[in-house]
Structures are given as structure tokens and as C-alpha cells.
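> Sequence and computational prediction follow.
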Amino acid sequence: MILVSIIGALLVLIGLWGMLTQKNIIKIIIGFSIIDTGTHLLIVSIGYIKGGTAPIIDKTIARSSVVDPLPSALVLTAIVIGLAVTALMLVYAIQLYKQKRSLDINDYKELKC
Amino acid sequence: MIKRFVTFLLILLVGFFFVSYVVKVKPADKLPSLANDYVNKGIDDVGSANIVTAVVVTFRGLDTLGEVSVLFIATAGVGFLMRIEDKKSKLIKKRPASELLRTGTNFLMPLIFLFGIYIFLHGHLTPGGGFQGGVVIATGVLLLLLAFTSSDINHTLLNITESFSGAFYVTIGALGLFLAAGFLDNRILPVGHFGKLLSAGAIPVIYSLIGIKVGSELVGILDSLHKDE
């Protein structure tokens, strides 16, 4: 559980670094996707029970040795939301490119004061 | 220079928050009481071998309905933003793919569809479910779009499939109000033997509808992006 938490935290930091320092819009979107994955790993790691296994019951798995199913269910929803947001971001990137033929974030400064 | 320093400081700050969480966290010894209730009721009342499916479809079914709506809004947004302004731009011919890709796709596409259907049909017995199966079906169609570059996907059929699956899903939920204990209760159909394919009440039906809906929505997104230039 600690290892999964550490990896999730590392992914969030790497994605945050990517979103803050990269100039290409597609790379910023990839950074966002990496933050998403790190967050999902962090949430799933909360549900770990010592010595537990996946919550799918059959003849070999007793109902007392499963991990918490609730964080897995929440992450299922979170993955779909991440997909929806990434799809819309990529469509915005396409439309921005059509306006100015450039994927550099420094060319889109109209909203800056 | 100052921007790089501020970025480094920000990453250090967020890293400090994570470190102070990771050093203090310890895995629990036994299930918390809510999870214990879900596991026991999931096996006895809902009759589903996959407890995560029981949570997603039955215990937290309203969240899944909201998630399906979010995916629908995202697809509608993509379709709206990528609409074709003038009809002339639809006639751009793409270079045909190589024979290796075409032959491989001819062999693989039915298998990928079969695998996706297997995943959402067995959502209550094996890992997976509606969303995962729908995504696998959409990857099959992506392979089709890459290999046969001049293929045209019927948008009317996609819209009809998606609308009917969504409406039918809500209808099954409303049936739960009359025939069982509440909205989206899965006991409107008999719970059956534990571990068989036709068990867990309405969960296979609900997950199949979700799988078809998600599959057709993602195919719609792929097609909007594919038709662009």
C-alpha cells in the first residue's frame, strides 16, 4: 500500500511539473492525464486491507479476506470523468490549432492582462 | 529564472503534503463496517460475485447514472465543437493503409468485439463491467478506422443505439420503484444461483446497456475526430 501511494504521489508531482513547464499544448494535456492516473492510484491505495485480495468471491476466496471495494468503485467513476475531460481538452487543442496554426501556449495570450 | 524557482517551490510544497501523508498512513487490519456491510449484502442480497460491480450498479447506482450522463455530455460537446462547417471538406481522400494492417484488422476485429461483449456480459462474475467493455469495443472500431481509411460510420445508427440504451437504462431503474425496493434495485429479475451467468438480477442487463451506450459514445467521439480534415 505504501508503495502504491508513493508511486501515485510521484505521478502527481511529475504531471504537475509537466503542466507547469511545458510549452506544447499536447504535452500539457498529457501532464493532466498523468496527474489523473496518480490520483486514481492514491485513492485505490486507501482501500488496502493487510493480507487482502481482490473483492471477487468464488470458491477459493472467503468473504473475510477481501480488500475494501468502495475506493475501487469510486475510481471507476473517476477514470470515466478523466476520459471525458481529456477528450474535451484535446478537441479544444484542435480548434486552437485551426485558428493560429501553432501549438505553442505562448501564442495564445489574449486572455492575459 | 524566477518562474523556474517558483515552479520548483510549488512542486516542493505539494511533495511535502504527500510525504506527510505517506509516512503516517498504515493499512487497516480488517474491513471497515460499511465495506463489511457491502460485502455481506453484496453476496447475500444482490447475488453478485464481483463486489465492486454490486457497489457500482446497485448500492451506488445513482452515481453511475450521473457518470453515464457526464459521458453523454462530453460526447455531445465533442460532436458540437467538431462539426463540419462546409460539406466540401468531407471529400478528402486518405492514403490507404498497408496490406499487413488490413489483413490483421480483418482477423482481429471480430475477436476484439467478442472480447468486449464478454467483458460487459460477465461484469458480475469477473473483473470489468460496462465501461471497460464499451472501451474495448471502441478500440476495435478505432482499428477499423485506421486500417480502412475510407470507411464511413453511420451516425444515425450510433445516435439511435446510444439514445435507446440510455433510455432503457433509466426505464429499468424506474421499474425498480414498482417491482422492488427502490430506484435501480437489481432484484426486479430473480437473483438466481451465485456465480452463474444468469444471476444477480438485473445487473447483467444494466451493465450490457451501459457497455453498448459507452461503446457507441466513444465510437461517436472517434468518428468526429476522424472526419476532421
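Thanks, I have it.
> okay, now residue 43: neighbour count?
No chain was given, so I picked chain A. Neighbourhood size, A:Ile43 [other Cβ atoms under 10 Å in any protein chain shown]: 15. Glycine gets a C-beta too; all of them are placed from N, C-alpha and C.
> my question was about chain B
As a burial measure, the neighbour count of B:Ile43 was computed by other Cβ under 10 Å and equals 16.
> Could you do B:Gly123 as well?
Applying other Cβ under 10 Å, we find 29 other residues in the vicinity of B:Gly123.
> For it, give me phi and psi.
B:Gly123 adopts backbone torsions of phi -60, psi -20, taken as degrees, to the nearest 10.
> Look up how far chain A lies from it.
Noted for B:Gly123: a distance of 11 Å to chain A, by Cβ to the nearest Cβ, to the nearest Å.
> Do I have it right that that residue meets B:Val205?
No - using Cβ atoms under 8 Å, B:Gly123 makes no contact with B:Val205, being 10.6 Å away.
> Which parts of chain A are helices?
Under the criterion DSSP state H, helices of chain A are mapped to A:2-21, A:25-46, A:69-100.
> Who are the packing partners of the worst-scoring helix or strand of chain B on mean pLDDT?
Every helix and strand in chain B was compared by mean pLDDT, DSSP states H and E; the lowest is helix B:33-41, with a mean of 87. The elements that helix B:33-41 packs onto, with contact taken as 3 or more Cβ pairs under 8 Å, 6 or more residues apart in numbering or on different chains; DSSP states H and E, are helix A:69-100, helix B:51-54.
> got the CA coordinates for it in CSV?
The C-alpha coordinates for helix B:33-41 follow below in CSV (Å, rounded to 0.1, in the frame of the first residue of the first chain):
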residue,chain,number,x,y,z
SER,B,33,-18.0,-1.6,8.9
LEU,B,34,-19.5,0.0,5.8
ALA,B,35,-17.4,-2.1,3.5
ASN,B,36,-18.2,-5.2,5.6
ASP,B,37,-21.9,-4.5,5.1
TYR,B,38,-21.4,-4.0,1.4
VAL,B,39,-19.5,-7.3,1.0
ASN,B,40,-22.1,-9.3,3.0
LYS,B,41,-25.1,-7.7,1.4
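> Can you give the contact residues for it?
Identification of contacts with helix B:33-41 by Cβ atoms under 8 Å, 6 or more residues apart in numbering or on different chains yields A:47, A:55, A:63, A:66, A:68-70, B:30-31, B:51, B:54-55, B:59.
> Buried by neighbour count, from these: which ones?
Neighbour-count burial (16 or more other Cβ atoms under 10 Å in any protein chain shown) is assigned, among the contacts of helix B:33-41, to A:Gly47, A:Pro55, A:Val66, A:Asp68, A:Pro69, A:Leu70, B:Leu31, B:Ile51, B:Ala54, B:Val55, B:Phe59.
> could you dump those to TSV with pLDDT?
Compiled in TSV, these are given as follows (pLDDT from 0 to 100):
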residue	pLDDT
A:Gly47	87
A:Pro55	87
A:Val66	87
A:Asp68	89
A:Pro69	90
A:Leu70	91
B:Leu31	83
B:Ile51	90
B:Ala54	90
B:Val55	91
B:Phe59	90
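> between those residues, which is closest to B:Pro190?
For B:Pro190, the closest of the buried ones among the contacts of helix B:33-41 turns out to be B:Ala54, at 16.1 Å, with distances computed as Cβ to Cβ.
> Help me confirm that the closest one comes into contact with B:Ile203.
Yes - at 7.5 Å, B:Ala54 and B:Ile203 qualify as touching, with contact defined as Cβ under 8 Å.
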